[in-house]
Each structure stands twice: as C-alpha cells, then as structure tokens.
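A.B. asks: predicted coordinates and the sequence they were generated for:
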Amino acid sequence: MRISRWEPEFSSFDRLNSKLDRNCPHIVVTGSSTIRLWFELEPDFLKYNVLNRGFGGGKMKDIPELIIRTSKNINISNLIIYAGGNDIAALSSAENVVTDAAKIIETVKSIDNSIGIAFISIIPHRKFWPLISEITRANKLLEQLTNEYGEGYIDVYSDMVTDISTPTSEKYFIQDGIHLSKEGYSLLSNKIITYINSLPRK
C-alpha cells in the first residue's frame, strides 16, 4: 500500500479531528503553507468555528485525500481552499490546476452535496512573478469553474495586482517573497470574513 507523502501531517489532523464534537459544524480552511503558517487563523475566526488544516507544500491534487479523511470525523459545513501556487511554481499549466480543482469539487459533492466550497485565488507571489501570466490565467479559469459549479471564489489577486507589468507590493510578503506578511494576512482575513458573512445561515 502506498503511503502518502502527507501521512504524518494528516495523521496529526486525524487525532485533532477525533476530539471535536461531530454535531458541531465547522468551516475547514485547507491548502498549502500560506494556510499552514497562518497561526492566527483559528483564534481570529473563533466565532465562526474555523479549523486550520493547511499543510506545507500542498498542491491541488493533494486536497481530496485530506477532505476524505477529515469528513470522517468532522461535520464540515464549508471548505475554503488555497492551492495552486505550488502547482504553478512547479510549472504545471493553468488548465491542469483547474482540472485538479474540479476533482476537489467532485470529491466533496460525492461525500456531502450540502458542503459549500470556496477557492481562494492564487496569490501573485513576488518570488514567482516571472510566472504571473500563468497565475493570471489560472485565476480566470478557477473563477469560471466556481461559477459553473455555483461555488465560491475569494479574490485576493485583484487587490494585490494593479498592473501586470509591476510586481506585487513588498508589503504583502515577508522577506522570502512567497509567504504573507501581517498585511497580507490582514487582506486575506478580510476577504474570507466577507465570504463567510455572505453564506446562508444553516
């Protein structure tokens, strides 16, 4: 049996999830290191029952396994997903990224059709600026995909990119040009809060 690269992290999540009240609905935020390193996510979103299930280095194709495992122990009301940046950095095409995003949606709907899904736009990292054209294309396709399925799209890209010929402002990133600064997380937080507040009450 093939052991997933993410087994240590996913097993840790399994242990955390098993301690939660199965009757209490949670919003699960998952994805790559942008989510994993968001240490204030759960405290800042405490009243919304948000769980941080980010794992560093994750790609779109890795998300379904996490969702399947998470759904066994958690009552998931909504999923918010950030992935695609690592895919583009590994020179995956925009089309491949969105194909994998569609597989995520199909996986979720096969588990529970009532679970809401939102994808966060791929962040235009300064480190990956030479790939901005592919990031831009992937975001357009991702937004189209979510519209087709009637799911959510949380757009931070448009706030960060004012001119495609000019790299994203340094203020949104720490020194590595990849991971978000306090200001970057503040922008992302405000976008997610707006999305959550737009959801119908369940």
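C.D. replies: Now that the structure is in, tell me what you want to look at.
A.B. asks: can you give me the helices in this protein?
C.D. replies: Shown for the chain, the helices assigned by DSSP state H span residues 7-18, 33-36, 41-44, 63-71, 85-89, 94-111, 132-149, 157-160, 182-198.
A.B. asks: who does the closest residue to residue 13 other than its chain neighbours bridge with?
C.D. replies: Nearest residue to residue 13, sequence neighbours excluded (C-beta to C-beta, 6 or more residues apart in numbering): residue 53, at 5.6 Å. From N, CA and C alone the C-beta is placed, and that goes for glycine too. Taking DSSP bridges as the rule, residue 53 bridges to residue 30.
A.B. asks: how many other residues sit next to residue 53?
C.D. replies: 27 (other C-beta atoms under 10 Å).
A.B. asks: got it, and the one 3 residues further on?
C.D. replies: With neighbours defined by other C-beta under 10 Å, the count for residue 56 comes to 15.
A.B. asks: with residue 42 instead?
C.D. replies: 14.
A.B. asks: for the one 4 residues further on, same thing?
C.D. replies: Taking other C-beta under 10 Å as the criterion, the count of residues near residue 46 is 9.
A.B. asks: make 50 the starting number, not 1.
C.D. replies: Okay, residue one is now 50; in that scheme the one you just asked about reads as residue 95.
A.B. asks: how close does it sit to residue 87?
C.D. replies: Distance, residue 95 to residue 87, using C-beta to C-beta, to the nearest Å: 14 Å.
A.B. asks: center of the protein, which residue is that?
C.D. replies: With distances taken as C-alpha atoms, centre = their mean, the residue of the chain nearest its centroid is residue 131 (1.7 Å).
A.B. asks: which residues pair with it across the strands?
C.D. replies: Counting by DSSP bridges, the residues bridging with residue 131 are residue 80.
A.B. asks: that one reaches residue 150, doesn't it?
C.D. replies: No. Residue 131 is beyond contact range of residue 150, at 11.3 Å (criterion: C-beta atoms under 8 Å).
A.B. asks: any shared contact partners between these two?
C.D. replies: residue 168 (C-beta atoms under 8 Å, 6 or more residues apart in numbering).
A.B. asks: mind checking pLDDT for the residue nearest to residue 233 when sequence neighbours are not counted?
C.D. replies: With sequence-adjacent residues excluded and distances taken as C-beta to C-beta, 6+ apart, residue 233 is closest to residue 221, at 3.8 Å. Per-residue pLDDT puts residue 221 at 97.
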